[in-house]
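Asker: Predicted model and sequence follow; I will ask about them next.
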Amino acid sequence: MTHKDKSEEAKLRPATRLVHGGTVRSPFGETCEAMFLTQGFVYPSAEAAEARFNGEDPGFVYSRYANPTVAMFEERMALLEGAEAAKATASGMAAVTAALLADIAAGDHIVASRALFGSCLYVVSEFLPRLGVACTLVDGPKLDEWRAAVRPQTKAFFLESPANPTMELIDIAAVAQIAKASGARLIVDNVFATPVLQKPLELGAHTVVYSATKHIDGQGRCLGGVVLSNAEWVGEKLIPYLKHTGPAISPFNAWVLLKSLETLELRVTRQAETAASLAEVLAMHPAVERLAYPGRADHPQFALACRQMRSGGTMMAIELAGGKAAAFAFANALKVIKLSNNLGDAKSLLTHPATTTHQSVSEEERARLGITDGMLRFSVGLEDPADLAEDLSAALDAALAGTERMRAAS
Ligand SMILES: *Cc1c(COP(=O)(O)O)cnc(C)c1O
């Protein structure tokens, strides 16, 4: 295997890193990154095996620990994020859980924003407390709540921005400062913004996590996750946790995700441009009561979006005046845009959170989070923007006609 000089790669511009970063070629000199679908590795001698195990020879030992294809994906992710080190996992949730569990013990305390992806909320507010790790949930945008929640035992802060599905933002730099002053690690779930549009480490976060299932794959094929942080923490805390608990990603999935990184910037940039143009169409339609898109000046945190995101992103929330009936009529009238709870995909996808992703959240908590019955989450894909605009307009017209019929009848 021929290794490239890492410092040379770090000098390359982001688009170039996404195509070439982390590539290690076998003696065959293949153009495309090789897929090493192997559990283990053979050693030329007993002495060589001994050296591999005691670390004198840094080669591979077992794919639960590390694998050449997975290592290429991790290296390319680290170059993209500007992180010292990255480790891939079997899913986004495996990444979130690892980022928390790798460096926590009974008696510790964590603070998390309330508006979290459902499974993240389960991990911080149900699973960790069972292990003796207390958790305080706060309203993420309210900085005073983070400050007030800190205890001497606070070890980690966890947040997501923009939040799913409300598109509410949290000031990452400000929360990072509070975390630093309290001696806590700030972990940011950066799925909605993508590594292309938001850089939490530059804003002061300690760790970034991704569900690579979303924009990084971007074509709805496989699950994956990534944890990125400084080399010391990854080496001392994260790697032992991953090595011995085993949430390893399949080399096949890592290969798919590695190849997807080549087009990530192109896809996300295009999807975000389309999203910005569709937001204009949606905001003007009489059926739309409220539109939440961080790239529009009418987003209540537009100034913050400009500070911490490169653009408004690929996701938005739409609130229809006619509640659940209008939301369902709209969803059912769509032809090009598909109903699915994935996001970041090449295919534009729409979800009704109140009855799907957030069905298990109590009505009271949904109200608190601002997830109404008329709200829909929209993930913008790679289709022609004109086809998407026509699809949305026709479906909104249908929803509006239905609402008016109902009003006339009552
Ligand atoms: C999807 C998602 C996850 C979980 O990722 P999986 O790959 O499905 O395990 C975590 N956080 C956010 C914000 C997500 O959207």
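Answerer: Thanks, I have the structure now.
Asker: quick check: mean pLDDT across the helix or strand containing Leu100?
Answerer: Leu100 is part of helix 92-101 when elements are defined by DSSP states H and E. On average, the pLDDT along helix 92-101 is 98.
Asker: so how far is it off the chain centroid?
Answerer: Here the centre of helix 92-101 is set off from its chain's centre by 12 Å, with CA atoms, centre = their mean, to the nearest Å.
Asker: partners of the following helix or strand past it, with directions?
Answerer: Counting by DSSP H and E, the next helix or strand C-terminal to helix 92-101 is strand 109-113. Strand 109-113 has the following sheet partners, assigned by DSSP bridges: strand 134-138 (parallel), strand 154-160 (parallel).
Asker: of all these, which lies closest to Met35?
Answerer: For these, proximity to Met35 was assessed by CB to CB; strand 154-160 is nearest, at 31.8 Å. Just so you know, the C-beta spots here come from the backbone N, C-alpha and C atoms, and that holds for glycine as well.
Asker: Quick check: what element follows that closest one along the chain?
Answerer: Next along the chain after strand 154-160, taking DSSP H and E as the criterion, comes helix 172-182.
Asker: Please tell me how far whatever residue of the stretch 1-150 of the chain ends up closest to the ligand sits from Gly313.
Answerer: Relative to the ligand, the nearest point of the stretch 1-150 of the chain is Gly92 (2.2 Å; CB to the nearest ligand atom). Separation of Gly92 from Gly313 (CB to CB, to the nearest Å) stands at 17 Å.
Asker: Show me which residues of the stretch 51-200 of the chain sit near the ligand.
Answerer: Residues of the stretch 51-200 of the chain lying near the ligand by CB under 6 Å from any ligand atom: 91-93, 96, 117, 119-120, 160, 164, 189, 191.
Asker: how about a cut-off of 5 Å?
Answerer: Contacts of the stretch 51-200 of the chain with the ligand, taken as CB under 5 Å from any ligand atom, map to 91-93, 117, 189, 191.
Asker: and the helix holding Leu100 with strand 134-138, angle?
Answerer: Comparing the axes of helix 92-101 and strand 134-138 via axes from the mean of the first three to the mean of the last three CA atoms, to 10 degrees yields an angle of 110 degrees.
Asker: sec struct for Glu126, please.
Answerer: helix (DSSP: H, G, I helix; E, B strand; the rest coil).
Asker: How about the contacts made by the closest residue to the ligand within the stretch 101-250 of the chain?
Answerer: Per CB to the nearest ligand atom, Ser211 is where the stretch 101-250 of the chain lies closest to the ligand, at 2.9 Å. Counting by CB atoms under 8 Å, 6 or more residues apart in numbering, Ser211 touches 91-93, 95, 191, 223-225.
Asker: If you rank those residues by neighbours, which is first?
Answerer: Scoring these on neighbours with other CB atoms under 10 Å, the highest-scoring entry is Ala95 at 31 neighbours.
Asker: Once you drop chain neighbours, what's closest to that one?
Answerer: Nearest non-adjacent residue to Ala95, counting by CB to CB, 6 or more residues apart in numbering: Gly225, 3.1 Å away.
Asker: I'd say that neighbour and Lys87 touch.
Answerer: No. Using CB atoms under 8 Å, Gly225 makes no contact with Lys87, being 9.2 Å away.
Asker: In terms of helices and strands, where is Leu396?
Answerer: Applying DSSP H and E, one finds Leu396 within helix 385-409.
Asker: residues of that helix that come out buried?
Answerer: Using 16 or more other CB atoms under 10 Å as the test for burial, helix 385-409 gives 385, 388-389, 391-393, 395-396, 398-400, 402-403.
Asker: Redo the residues you listed as TSV? Include pLDDT and distance to Phe36.
Answerer: Shown next, in TSV, are those (pLDDT from 0 to 100; distance: CB to CB, whole Å):
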residue	pLDDT	distance to Phe36
Pro385	98	40
Leu388	98	39
Ala389	98	44
Asp391	98	42
Leu392	98	44
Ser393	97	48
Ala395	97	46
Leu396	96	49
Ala398	92	51
Ala399	89	50
Leu400	87	55
Gly402	81	54
Thr403	80	56
